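> Whatever this is, show me its structure:
(one chain, ligands or ions: 1)
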Amino acid sequence: MVEAMKAIRFAQHGEPSRVLETEDLPVPEPAEGQVRVRVLATPVNPSDLLYVRGYYAGVQARFPARVGFEGVGVVDALGPGVKDLTSGQRLSVVNGQGGNWAEYAVVPAGDLFPVPDGIPDEQVASFVINPASVILMVRRLLAVPRGEWLLQSAAGSELGRMVIRLAKRDGFRTVNIVRRRESVAELEALGADAVIVSTEGPIDEQVRATVGPEGVKYAIDPVVGETGTQMFRALHEDGRMLVYGSLTGEPIRVGEDPRYILAGRRIVEVFWLGYWLPRLTDAERRQLREDIVALMREGTIETSPGRKYSLDEIGEAVVQAEQKGRQGKVFLVPGK
Ligand SMILES: NC(=O)c1ccc[n+]([C@@H]2O[C@H](COP(=O)([O-])OP(=O)(O)OC[C@H]3O[C@@H](n4cnc5c(N)ncnc54)[C@H](OP(=O)(O)O)[C@@H]3O)[C@@H](O)[C@H]2O)c1
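Okay, the predicted model is just below:
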């Protein structure tokens, strides 16, 4: 029985490359209803880095705090009362308190998603956060009808690429905002119907030139700031925009131009997966899992694997994860 493990922790909020430390800690024991998993791979997601910086309001860090909300692992030990899981079974591991950036993690059994064989580890490692957000935002909350336009920013992100492929499959059209011209051809090859470069002219004007003068009815934005502000102005009078990230950390301004607030009924709404997942019924949760598996099998929902790092290389990994123009998702591989 292994008694010690490597894990990443931080003792205060700050720049991830400075505050994150690789430490030797005791292997945790699963309590009632919990499962210990041996972590095979765990992504470096924007939410992990927001959490380390202290900007992730949904989860409060208790110092010294563990990190890593998502990953793939195998069942290592079951706590009392846990049934229906077997030792060695591979699972998608959602760790709501953070702690997957480690060789072992302990999580409630209900936060594990068994995934069928045949789906690669990197896909299982990113099984929930981006895929579930895409499905809930686009299919459930906005329910974008066939033929309609969906406007999205940060379209070259892993999540944005999933949206583009889902649009092809479900029959709606995407108008995609990127910050670099180099992303345009790549996204068009993926199936983007239109790609706008945010630095090449006002976004609202570029969007209306594409979708028509009335504007767009559906939008999703993780960039906020000037991009979110101009996306708001690109909305149709009945338009609805889900804000689901804070990549610039700057405000969206909705009130400065009366043309967009003293007319119509534009809705700007927050989307956070941590709010929606616990509100799903068991049947909805099962359906979501089945939908993700089906969309992964056909390649609609897919994460491109980027560089892989050991836990000892955490400083390099977090810097690489935020490189402009980075290709593929950065993973930590605890056994590397
Ligand atoms: N609310 C929720 O529940 C929820 C759930 C899942 C994901 N998210 C959010 O979804 C977003 C995408 O996640 P991901 O894992 O797909 O990310 P990712 O693969 O790391 O991609 C990040 C993308 O954002 C772009 N970007 C970064 N900083 C930017 C800035 N200041 N201005 C404009 N674009 C910028 C990058 O553009 P370049 O290609 O030009 O470098 C890159 O394409 C993140 O904001 C994340 O927090 C939210």
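
> nearest residue to the most centrally placed residue in the chain other than its sequence neighbours?
Taking C-alpha atoms, centre = their mean, the centroid of the chain lies closest to Asn130, which sits 3.5 Å from it. Of all residues not flanking Asn130 in the chain, Leu159 sits nearest, at 4.4 Å (C-beta to C-beta, 6 or more residues apart in numbering). The way it works is simple: take the backbone N, C-alpha and C, and place the C-beta from them, glycine included.

> helix or strand for the one you found, which one?
Assigned by DSSP states H and E, Leu159 falls within helix 158-170.

> how about that helix: buried residues?
Buried positions in helix 158-170, judged by neighbour count with 16 or more other C-beta atoms under 10 Å: Glu158, Leu159, Gly160, Arg161, Met162, Val163, Ile164, Arg165, Leu166, Ala167.

> Mind listing residues that contact stretch 176-192?
With contact meaning C-beta atoms under 8 Å, 6 or more residues apart in numbering, stretch 176-192 is reached by 151-156, 160-161, 164-165, 167-168, 174, 194-200, 203, 223, 227, 231, 324-325.

> Strands - which of these land there?
Under the assignment DSSP state E, these contribute Leu151, Gln152, Thr174, Ala194, Val195, Ile196, Val197 to strands.

> Which members of those are the farthest-apart pair?
Taking C-beta to C-beta as the measure, the ones in strands among the contacts of stretch 176-192 span a maximum distance of 15.0 Å, between Thr174 and Val197.

> So for those two, which sits in the more crowded spot?
Each of Thr174 and Val197 has its neighbours counted (other C-beta atoms under 10 Å); Thr174 has more, 26 against 17.

> That one is in contact with Ser153, isn't it?
No: shown here, Thr174 and Ser153 do not form a contact pair, counting by C-beta atoms under 8 Å, at 11.4 Å.

> what's the pLDDT at Ala317?
Looking at Ala317, its pLDDT reads 98.

> Would whichever strand or helix holds it count as contacting the ligand?
Using DSSP H and E, Ala317 falls within helix 314-321. No: Helix 314-321 stays clear of the ligand (C-beta under 6 Å from any ligand atom), getting no nearer than 6.5 Å.

> Tell me the first helix or strand C-terminal of that helix.
strand 329-332.

> partners of that next one, with directions?
Here strand 329-332 has these sheet partners by DSSP bridges: strand 34-43 (antiparallel), strand 305-309 (parallel).

> okay if I get the ones you listed as TSV plus mean neighbour count?
Converted to TSV, the strands paired with strand 329-332 look like this (neighbours: other C-beta atoms under 10 Å):
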stretch	mean neighbour count
strand 34-43	24
strand 305-309	18
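
> Of those, which is nearest Leu235?
Closest approach to Leu235 among the strands paired with strand 329-332 (C-beta to C-beta): strand 34-43, 31.7 Å.

> and the closest one with helix 314-321, angle?
Calculated by axes from the mean of the first three to the mean of the last three C-alpha atoms, to 10 degrees, strand 34-43 forms an angle of 60 degrees with helix 314-321.

> With just CA atoms, put strand 34-43 into CSV.
Provided in CSV are the C-alpha atoms of strand 34-43 (Å, rounded to 0.1, in the frame of the first residue of the first chain):
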residue,chain,number,x,y,z
GLN,A,34,-16.3,8.7,-1.0
VAL,A,35,-14.0,7.0,-3.4
ARG,A,36,-10.2,7.3,-3.7
VAL,A,37,-9.0,7.4,-7.3
ARG,A,38,-5.5,7.2,-8.7
VAL,A,39,-5.3,10.1,-11.1
LEU,A,40,-4.1,9.3,-14.6
ALA,A,41,-4.3,12.7,-16.2
THR,A,42,-5.8,16.1,-15.3
PRO,A,43,-6.2,19.2,-17.4
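
> tell me which strands and helices the helix or strand following that strand is in contact with?
Per DSSP H and E, the first helix or strand lying C-terminal to strand 34-43 is helix 46-53. In terms of contacts (3 or more C-beta pairs under 8 Å, 6 or more residues apart in numbering; DSSP states H and E), helix 46-53 is packed against helix 16-19, helix 314-321.

> What residues sit buried inside the shortest one?
Pointing back at helix 16-19 there. Of all the residues in helix 16-19, those buried under the rule 16+ other C-beta under 10 Å are Pro16, Val19.

> After that helix, which helix or strand is next? Please name it.
Next in sequence after helix 16-19, counting helices and strands by DSSP H and E, comes strand 21-26.

> what's the closest non-adjacent residue to the closest residue to the ligand within the chain?
Taking C-beta to the nearest ligand atom as the measure, the chain has Gly245 as its residue closest to the ligand, at 2.6 Å. Leaving aside its sequence neighbours, Gly245 sits nearest to Pro222 (C-beta to C-beta, 6+ apart; 2.6 Å).
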